[in-house]
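Visitor: below are the sequence and a predicted model; questions follow.
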Amino acid sequence: MIATQRSHGLDLSAEVLSYPLRSAFTIARGSRTEAVVVAVSITDGTATGRGECTPYARYGETPESVLDAITSAPLSRVELQTALPAGAARNAVDCALWDFAAKSSGHTVSALAGLPAIDSRATAYTLSLDTPDAMARAARANTDKPILKIKLGSPGDVERLNAIRAARPDARIIVDANEGWNLEILPAMFAAASGARVDLIEQPLPAGRDDALRDLPRPVPVCADESFHTRADLARIATLYDAVNIKLDKTGGLTEALAVRRQAQALGLRIMVGCMLGSSLAMAPAMLVAQDADWIDLDGPLLLAADTAPPIGYRGATMFPPSPELWG
């Protein structure tokens with residue numbers, strides 16, 4: 001599927017692409033074997049900017065709905081912020097406009113944003129939800145990944161967590177429950193996470209049912225993911241959570257993500273920068289947001305069987321700055 005439009009003297013093209021995964025990726029809500037993304041190019045005939053987003057069914061998005069939204073988007077970053085709602089479509093266009101501004105001006109996006117240049121950072125590596133034995137094997141197979149993000153949210157989570165910790169006593173561990181727990185099991189899961197020396201727990205309760213976190217003692221910091229999208233959510237989130245997971249597909253692009261980071265830090269929230277399943281083109285702008293993050297989860301390309309070209313370079317868990325040809 002391909003869509004085109006012209007606005008503000010610029011031509012936009014968007015197409016749906018599919019990247020096969022190295023293996024099935026399973027979370028509490030289901031499994032997938034491919035990453036379906038929408039890639040956007042914006043050009044004036046000389047310079048071309050690119051961006052990518054991942055339509056996410058959890059938020060009511062499909063590739064078709066995202067393409068439709070992109071074809072109506074103004075190709076002005078200022079106008080875009082109010083013309084489209086936060087989400088995947090606005091993200092792809094916003095990041096492409098930032099890249100176009102960099103390519104056409106000869107300056108980097110970091111310079112245009114008044115920020116230091118993108119530098120190498122270590123990312124967490126995600127272990128798909130599976131049996132305790134299978135997840136322990138995956139942990140042992142990735143000894144070059146010092147930070148493991150483990151997908152939980154189903155019966156047997158304590159056994160999974162303990163098996164992974166036994167397999168990798170050296171690793172830092174982030175737990176992502178993907179809304180899969182409830183208030184009844186939460187104290188036991190917090191205790192198990194504390195015993196396993198977990199760094200962070202993402203989204204333990206379903207979005208909209210997390211008010212209980214306000215007064216609940218917790219020995220491990222808790223991070224909002226599905227409950228949090230943009231600055232409009234921060235006032236509530238700051239009373240419930242210790243951290244926020246900033247994903248460009250949720251904020252609707254780099255512009256809002258940078259604003260979210262500033263405001264969240266001002267409220268005393270810690271920062272995680274995460275991603276949907278996507279290629280290096282989606283990771284590159286997120287790296288700019290992640291430069292001073294407390295936790296980074298930008299391992300999407302490591303889960304793909306094939307990546308975009310040119311890709312971001314990874315060595316173990318270290319990801320290197322994107323080349324100018326890729327983005328920024």
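Guide: Arrived safely, thanks for sending. Numbers count the residues shown, from 1 in each chain.
Visitor: name the helix or strand of the protein that has the lowest mean pLDDT.
Guide: Scoring the helices and strands of the chain by mean pLDDT, DSSP states H and E places strand 2-7 at the bottom, with a mean of 83.
Visitor: can I get that one in CSV, CA atoms only?
Guide: The C-alpha trace of strand 2-7 is given here as CSV (Å, rounded to 0.1, in the frame of the first residue of the first chain):
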residue,chain,number,x,y,z
ILE,A,2,1.3,3.4,-1.0
ALA,A,3,-0.1,6.9,-0.4
THR,A,4,1.0,10.3,-1.7
GLN,A,5,0.2,13.9,-1.2
ARG,A,6,1.7,17.4,-1.8
SER,A,7,1.6,20.3,0.7
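Visitor: what pairs with that strand, and is each one parallel or antiparallel?
Guide: Using DSSP bridges, the strands paired with strand 2-7 are strand 10-27 (antiparallel).
Visitor: check which element follows the partner strand along the chain.
Guide: Remark: after strand 10-27, the chain's next helix or strand is strand 30-43, criterion DSSP states H and E.
Visitor: mind giving me the packing neighbours of that following strand?
Guide: Judged by 3 or more CB pairs under 8 Å, 6 or more residues apart in numbering; DSSP states H and E, the packing partners of strand 30-43 are strand 10-27, strand 48-53, helix 63-71, helix 88-105. For the C-beta atoms, the positions are set from N, CA and C on the backbone; glycine is no exception.
Visitor: buried residues, the last one. List them.
Guide: Spelled out, it's helix 88-105. 88-103 (16 or more other CB atoms under 10 Å).
Visitor: thought E202 was touching G180?
Guide: No. Here E202 does not reach G180: they are 10.6 Å apart, not a contact under CB atoms under 8 Å.
Visitor: can you redo the helices and strands packed on strand 30-43 as a markdown table with mean pLDDT and distance to V158?
Guide: Converted to a markdown table, those look like this (pLDDT from 0 to 100; distance: least, CB to CB, whole Å):
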| stretch | mean pLDDT | distance to V158 |
| --- | --- | --- |
| strand 10-27 | 95 | 18 |
| strand 48-53 | 98 | 36 |
| helix 63-71 | 96 | 37 |
| helix 88-105 | 98 | 34 |
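Visitor: columns distance to D292 on top of the ones you listed, output as TSV?
Guide: Output for the helices and strands packed on strand 30-43, formatted as TSV (distance: least, CB to CB, whole Å):
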stretch	distance to D292
strand 10-27	28
strand 48-53	23
helix 63-71	30
helix 88-105	19
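Visitor: P187 is nearest to which of these?
Guide: P187 lies closest, by CB to CB, to one member of the helices and strands packed on strand 30-43: strand 10-27, at 23.0 Å.
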